[in-house]
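Participant: starting from these lines, generate the structure:
(4 chains)
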2 protein chains.
Amino acid sequence: MADAEYVNIWLRPERPARGPKPAYSRAQITEAAIRIADAEGLEAATMRRIAAEIGAGAMSLYRYVPSRDNLVELMADRLQGELDVTGMPSGDWRADLTRHADGLRAMWLRHPWIAGVQRSLPSFGPNQLLLIERLMGVLDPFVSIDENLGLMAVLNGYVEGAVREEISSAEEFRRSGLTESEWMARSYPYIDQLVKSGDYPIFTKIVMEARQPHLSRDEQFRQGLQRVLDFIASALP
Amino acid sequence: MADAEYVNIWLRPERPARGPKPAYSRAQITEAAIRIADAEGLEAATMRRIAAEIGAGAMSLYRYVPSRDNLVELMADRLQGELDVTGMPSGDWRADLTRHADGLRAMWLRHPWIAGVQRSLPSFGPNQLLLIERLMGVLDPFVSIDENLGLMAVLNGYVEGAVREEISSAEEFRRSGLTESEWMARSYPYIDQLVKSGDYPIFTKIVMEARQPHLSRDEQFRQGLQRVLDFIASALP
DNA sequence: CTCCACTGGGTACGTTGTACGCGGTTTCAC
DNA sequence: GTGAAACCGCGTACAACGTACCCAGTGGAG
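Facilitator: Sure thing, here's the model as predicted:
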């Protein structure tokens, strides 16, 4: 297994020196795979399906990518490239972080399958590196690098957690083919039974009193984000 | 598909009235599947493997569980049952939340495959309901139910994010068969090249200056958690 | 011109989830 | 008590998956 030499896929050379010109490219394959995953879920992006999408034979893909797992890794890094960090340390850290959080959420919602990809060890792909530079550059003038790492962990944790919830809802509806109201109608007897049992007062409180679930997703997200940004503000000098 | 009637697996009756006594049980199957997934990863917990573990035929499992996806859902809820919330609103909210965060992290580390299970819509299994009651009961006396939901989202987001990072490291090492130091040695040329290029000052700062990566995982987690708890404290009256 | 490292891709293998149907077992209606 | 109905465990079978292996063709290096 000479392949084990490459601990990192970014170190593996894409094009060798000799031989005929390749008909496809890693980027083209990654793009096709993302297109399929967006439309029909990650499990629909099989090697045969991706190959068909670009008009290649199934086994041809293995000339460009060592395995499907590695391809998924490439897809994940390509997604990082969708995050717009141009002019990112702008001087207004709150605006920068808000823009990043909104952008990150929007990207995840465009590509919900990313939630099912447990990130591997930091692979430091080019897009990820750019993101690190710009995003952590926002708070770099104000805090130590350790504090910066900690604050970014909280911010990203909030965004990811919130968007995971949104995604799993949407995914469930897609899979079951139900609309949100159909699903709620279907669930009502069970929830009603839980409430009526009297064993779950807090759960009942959530069902009966909470206004948050009735806000739009955007509004819910924005409110939580404000909370996190206030927290970050309190950690700055 | 009469099965579609059951929007929720908890509504599906396990044992019917008539017929011979079942030889196995849903709990037994779930337990076996968790045992395998803990030891060899979720993808090793195939239907045949699980069946072999309990001495059943492969197809027998389908008498107890509608599909593998549903079984994974059952496994995830079983895990919630490992979270110890006895005597949980104890009066000391900070101690309660610390205990919960530590317990949640420990549970995820015991069952790392949970990171790859994107939670479906809140299925309100019995364990999840108990957790909601006890955990949200901690801050219930102090804040509105909406604020409580928001603060719990931040807390859980932090814990999940942090532990996901730990898990993906461990998983990567397990899969590659390398130790942490072997992996670092293998990655060194690439990282060195990035640093030497001078294009990534913040990344370089992380590599050269940050002390956080050199702390023990426990210490890293605890420091971040203190930050989040401080934040929660600032949101209480 | 001769090599041979490369190309795209066809065939084939092992493994997966699970549909279907079988013969046996338990409970209910009468 | 006796049939029918509802359930049981499970063997067989199939489609779809990732990918190992092999092939004939191609084009730059010597």
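Participant: how about the longest helix seen in chain A and chain B, touching?
Facilitator: As assigned by DSSP state H, the longest helix anywhere in chain A is helix A:145-176. Yes. Helix A:145-176 is in contact with chain B by CB under 8 Å from any CB of the partner chain, via A:145-146, A:149-151, A:153-154, A:156-162, A:164, A:167-169, A:171-172, A:176. In short, each C-beta sits where N, CA and C put it, glycine included.
Participant: among those residues, name the buried ones.
Facilitator: The neighbour-count test (16 or more other CB atoms under 10 Å in any protein chain shown) applied to those identifies A:145-146, A:149-151, A:153-154, A:156-162, A:164, A:167-169, A:171-172 as buried.
Participant: ok now do A:Glu53, which residues does it touch?
Facilitator: Contact analysis of A:Glu53 by CB atoms under 8 Å, 6 or more residues apart in numbering or on different chains lists A:Ala32, A:Ala33, A:Arg35, A:Ile36.
Participant: which non-adjacent residue is nearest A:Arg164?
Facilitator: In space, A:Arg164 comes closest to A:Ala115 once its chain neighbours are excluded; the distance is 5.4 Å by CB to CB, 6 or more residues apart in numbering or on different chains.
Participant: the one you found: neighbour count?
Facilitator: A:Ala115 has 19 neighbours, counted by other CB atoms under 10 Å in any protein chain shown.
Participant: is it true that it touches A:Ser169?
Facilitator: No. Between A:Ala115 and A:Ser169 there is no contact, the gap being 11.4 Å when judged by CB atoms under 8 Å.
Participant: is chain B within reach of the lowest-mean-pLDDT helix or strand in chain A?
Facilitator: When each helix and strand of chain A is scored by mean pLDDT, DSSP states H and E, helix A:180-197 comes last, with a mean of 83. Yes. Part of helix A:180-197 sits near chain B under the criterion CB under 8 Å from any CB, namely A:Trp183, A:Arg186, A:Ser187, A:Pro189, A:Tyr190, A:Ile191, A:Leu194.
Participant: please check those residues and keep the buried ones.
Facilitator: A:Trp183, A:Arg186, A:Ser187, A:Tyr190, A:Leu194.
Participant: how about the helices in chain A?
Facilitator: For chain A, the helices defined by DSSP H occupy A:26-40, A:47-54, A:68-80, A:93-110, A:126-139, A:145-176, A:180-197, A:201-209, A:217-235.
Participant: where among those is average confidence lowest?
Facilitator: In terms of average pLDDT, helix A:180-197 trails the rest of those, at a mean of 83.
Participant: how about that one as PDB, C-alpha atoms only?
Facilitator: Output of helix A:180-197 as PDB, limited to C-alpha atoms (Å, rounded to 0.1, in the frame of the first residue of the first chain):
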ATOM      1  CA  GLU A 180     -44.600  19.800   8.500                       C
ATOM      2  CA  SER A 181     -48.200  20.200   9.300                       C
ATOM      3  CA  GLU A 182     -49.000  16.600   8.200                       C
ATOM      4  CA  TRP A 183     -46.200  15.400  10.400                       C
ATOM      5  CA  MET A 184     -47.500  17.400  13.300                       C
ATOM      6  CA  ALA A 185     -51.000  16.100  12.800                       C
ATOM      7  CA  ARG A 186     -49.600  12.600  12.700                       C
ATOM      8  CA  SER A 187     -47.600  13.100  15.900                       C
ATOM      9  CA  TYR A 188     -50.400  14.900  17.800                       C
ATOM     10  CA  PRO A 189     -51.900  11.800  19.400                       C
ATOM     11  CA  TYR A 190     -48.600  10.800  20.900                       C
ATOM     12  CA  ILE A 191     -47.700  14.300  22.100                       C
ATOM     13  CA  ASP A 192     -51.200  14.800  23.500                       C
ATOM     14  CA  GLN A 193     -50.900  11.500  25.400                       C
ATOM     15  CA  LEU A 194     -47.500  12.700  26.900                       C
ATOM     16  CA  VAL A 195     -49.000  16.000  28.000                       C
ATOM     17  CA  LYS A 196     -52.100  14.500  29.400                       C
ATOM     18  CA  SER A 197     -50.200  12.000  31.400                       C
END
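Participant: packing partners for that helix?
Facilitator: Secondary-structure packing of helix A:180-197 (3 or more CB pairs under 8 Å, 6 or more residues apart in numbering or on different chains; DSSP states H and E): helix A:145-176, helix A:201-209.
Participant: re the thing from before, mind picking the two most distant members of the buried ones among the residues of helix A:180-197 next to chain B?
Facilitator: A:Trp183 and A:Leu194 (16.2 Å; CB to CB).
Participant: next, the contact list for A:Pro201, please.
Facilitator: Listed by CB under 8 Å, 6+ apart, the contact set of A:Pro201 reads B:Glu133.
Participant: from B:Trp108, how far out is it?
Facilitator: To B:Trp108, A:Pro201 is 28 Å away according to CB to CB, to the nearest Å.
Participant: same check, this time on A:Ala37
Facilitator: Per CB to CB, A:Ala37 is found 26 Å from B:Trp108.
Participant: for these two, indicate the residue with more neighbours.
Facilitator: A direct count of neighbours by other CB under 10 Å for A:Ala37 and B:Trp108 places A:Ala37 higher, at 23 against 20.
Participant: quick one: contacts for that one?
Facilitator: If you count contacts by CB under 8 Å, 6+ apart, then A:Ala37 has A:Ala44, A:Ala45, A:Met75, A:His111, A:Trp113 around it.
Participant: cool, and A:Asp77?
Facilitator: Counted by CB under 8 Å, 6+ apart, A:Asp77 has contacts A:Ser123, A:Gly125, A:Pro126, A:Asn127, A:Gln128.
Participant: how near is A:Glu165 to A:Arg174?
Facilitator: According to CB to CB, A:Glu165 and A:Arg174 sit 15 Å apart.
Participant: then A:Pro189?
Facilitator: Distance from A:Pro189 to A:Arg174, by CB to CB: 23 Å.
Participant: got it, and A:Arg186?
Facilitator: A:Arg186 sits 15 Å away from A:Arg174, going by CB to CB.
Participant: A:Ala153 contacts B:Gly224, doesn't it?
Facilitator: Yes. Counting by CB under 8 Å, B:Gly224 is a contact partner of A:Ala153 at 5.9 Å.
Participant: shared neighbours, the two?
Facilitator: Shared contacts of A:Ala153 and B:Gly224, counting by CB under 8 Å, 6+ apart, come down to B:Tyr158, B:Ala162.
Participant: for DNA strand C, what is the nearest residue in chain A?
Facilitator: A:Gly57 (2.4 Å; CB to the nearest atom of the strand).
Participant: with adjacent residues omitted, what lies nearest to that residue?
Facilitator: Counting by CB to CB, 6+ apart, A:Gly57 lies nearest to A:Ala51, which is 6.0 Å off, once chain neighbours are set aside.
Participant: so which bits of chain A are right by DNA strand D?
Facilitator: Within chain A, the positions adjacent to DNA strand D are A:17-21, A:44, A:46-49, A:58-59, A:62, A:67-69 by CB under 7 Å from any atom of the strand.
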